[in-house]
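Asks: task: produce atomic coordinates for the following.
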Amino acid sequence: MERKPYDIWFGWDNRYIYCSELVWKIYDKALNLKIGQLQTINDFNLSSPTVKQKLKERYGDNIPYQETVISPVAIFNSPLLTTVDKKW
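Replies: Got it, this is the predicted structure:
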């Protein structure tokens, strides 16, 4: 299996990959299940000064607001997944 560098830019292509993107794409390719609602960067609350600073560091003035992304929360909340063991 080819190793991919971690994607700090959250791009949806396959040159780099981030954690929840990997999980989503595995389910999609292997089982044709789309676990979690895909979103765009613009769908998130970007108003925090810390978030604004990180966006500026990563993208400069070219923030890809329409980039497709999947968040860990979206996967966690997917009705297609079931908790099999709860230890808390």
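Asks: which stretches of this structure have low pLDDT?
Replies: Along the chain, segments meeting pLDDT under 70 span 1.
Asks: tell me which residue is most central in it.
Replies: Ile70 (3.1 Å; CA atoms, centre = their mean).
Asks: for that one, give its distance to Lys56.
Replies: 23 Å (CB to CB, to the nearest Å). Placement of C-beta: from N, CA and C, glycine included.
Asks: before we move on, what about Val73?
Replies: Using CB to CB, Val73 is found at 24 Å from Lys56.
Asks: same deal with Lys29?
Replies: Applying CB to CB to Lys29 and Lys56 gives a distance of 34 Å.
Asks: what are the ranges of the helices in the protein?
Replies: Assigned by DSSP state H, the helices in the chain fall at 19-31, 49-59, 72-76.
Asks: quick check: which of the ones you listed is nearest to Gln66?
Replies: The minimum distance between Gln66 and the helices of the chain falls on helix 49-59, with 12.5 Å, by CB to CB.
Asks: show me the contact partners of that closest one.
Replies: 8-9, 45-46, 63 (CB atoms under 8 Å, 6 or more residues apart in numbering).
Asks: quick check, nearest of those to Tyr18?
Replies: Ile8 (7.7 Å).
Asks: quick one, what contacts that closest one?
Replies: 16, 18, 58.
Asks: and the first one, what is it in contact with?
Replies: Spelled out, it's Tyr16. The contact partners of Tyr16, by CB under 8 Å, 6+ apart, come to 4-9.
Asks: still on that earlier bit, I'd like the distance between the residue found closest to the residue nearest to the centre of the chain once you drop the neighbours it is linked to in the chain and Gly60.
Replies: Closest residue to Ile70 apart from its sequence neighbours, by CB to CB, 6 or more residues apart in numbering: Trp24 at 4.5 Å. Computed as CB to CB, the Trp24 to Gly60 distance reads 27 Å.
Asks: the more surrounded of these two?
Replies: Set Trp24 next to Gly60 and count neighbours by other CB atoms under 10 Å: Trp24 wins out with 24 against 8.
Asks: go ahead and confirm that one touches Ser78.
Replies: No. Assessed by CB atoms under 8 Å, Trp24 is found out of contact with Ser78, at 9.4 Å.
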